[in-house]
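Q: got a sequence here, can you build the structure:
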Amino acid sequence: MTDVTAPMPRGLFTEDALPLYERIAARLLDDLRAAAARTGDRLPSERALVTRYAVSRVTLRAALAQLESRGIVRPSSSRGWFVAELGQTPDPAAASATAGPQIQGFADYAHANGLKATSKVLSATVRPATVAEAEQLRIAPGADLFDLHRLRFLDGLLVVLEHNRLPLTACPALAETDFNTASLYATLRAGDPPQVPRVADYSVEARHPTRREIELFEIADTMPMLVATQLTSNQAHRPIELTVQVYRGDRYHFRASITNQA
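A: Sure thing, here's the model as predicted:
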């Protein structure tokens, strides 16, 4: 049996560098070990950690959420964060090097590679989920769905037309966030509770551009388009995002790692 492990950087490229929140998670873990922290010890306040690591609260909370998903820290309502179990959990950088491609947000990829990511929101609405969407996202038909259409740019160059659909119950803050400037994955990771993308089913197909895509990308109708569909689940294995991304064929690279599971 052959298992195809595809890169999951929200349909962009394979991950060559850790996003900032993962690097902060690694630093925090190193600091806890250096201080000989034990199970039950309380971490410094979020304000103190933001100052120590010179990052935003969103980035810090994403780092804490990652450590929580690995069983290293745990939150306590109104009391802050506590050490759960340090053990010999491998460093995220080492894990990334051996675990293959990772799920990575568009903004994460841009930041890790020194690129400027920008977006233009075409529409952002809350609407009832269709039967088909509800089946894929494992929610009730008619449940509130956050529906987002954006153009995504790297260093001012249009790369992808993206359509995201997420259950609003997963992160109510989605409906009040300006995604012209905000990162979708950072918003999810900073949610209460945090939503950490963990597993994604990913497929790609080629087709001709639609009339709307010809206008948005300013291309000829002969330009091939690559359409990537991704269903992402969180740390609890619940689907949290259904996304379709449309790329110009000359601005997309897909690579997969294939292993034999015999």
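Q: which helix or strand contains residue 196?
A: Using DSSP states H and E, residue 196 falls within no helix or strand.
Q: counting neighbours, what do you get for it?
A: Neighbour count of residue 196, defined by other C-beta atoms under 10 Å: 21. In this view, the C-beta of every residue, glycine as well, is placed from N, C-alpha and C.
Q: what's it in contact with, if anything?
A: By C-beta atoms under 8 Å, 6 or more residues apart in numbering, residue 196 lies in contact with 65, 66, 69, 188, 189, 234, 235.
Q: also residue 221?
A: Contact analysis of residue 221 by C-beta under 8 Å, 6+ apart lists 208, 209, 214.
Q: okay, it: pLDDT?
A: pLDDT for residue 221: 92.
Q: let's verify it: helix, strand, or coil?
A: What DSSP: H, G, I helix; E, B strand; the rest coil gives for residue 221 is coil.
Q: quick one: it from residue 161, how far?
A: For residue 221, the distance to residue 161 (C-beta to C-beta, to the nearest Å) stands at 16 Å.
Q: same check, this time on residue 42
A: Applying C-beta to C-beta, the value for residue 42 to residue 161 is 46 Å.
Q: please apply the same query to residue 169.
A: Residue 169 sits 27 Å away from residue 161, going by C-beta to C-beta.
Q: now the lengthiest helix in the chain: buried residues?
A: Counting by DSSP state H, the longest helix found in the chain is helix 20-34. Within helix 20-34, the residues that count as buried by 16 or more other C-beta atoms under 10 Å are 20, 21, 22, 23, 24, 25, 26, 28, 29, 32.
Q: excluding its backbone neighbours, what's nearest the fifth one?
A: Setting aside the residues directly before and after it, residue 24 is nearest to residue 63 in space (C-beta to C-beta, 6 or more residues apart in numbering), at 4.0 Å.
Q: that neighbour: neighbour count?
A: 27.
Q: same deal with the one 10 residues further on?
A: Around residue 73 sit 26 other residues, with neighbours defined as other C-beta under 10 Å.
Q: bridged to it, which residues?
A: residue 83 (DSSP bridges).
Q: tell me the contacts of it?
A: 43, 64, 67, 81, 82, 83, 84.
Q: can you redo those as TSV with distance to residue 148 and neighbour count?
A: TSV is the format used below for the contacts of residue 73 (distance: C-beta to C-beta, whole Å; neighbours: other C-beta atoms under 10 Å):
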residue	distance to residue 148	neighbour count
43	33	19
64	25	25
67	28	24
81	30	21
82	35	15
83	37	18
84	34	17
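Q: many thanks, have a good one.
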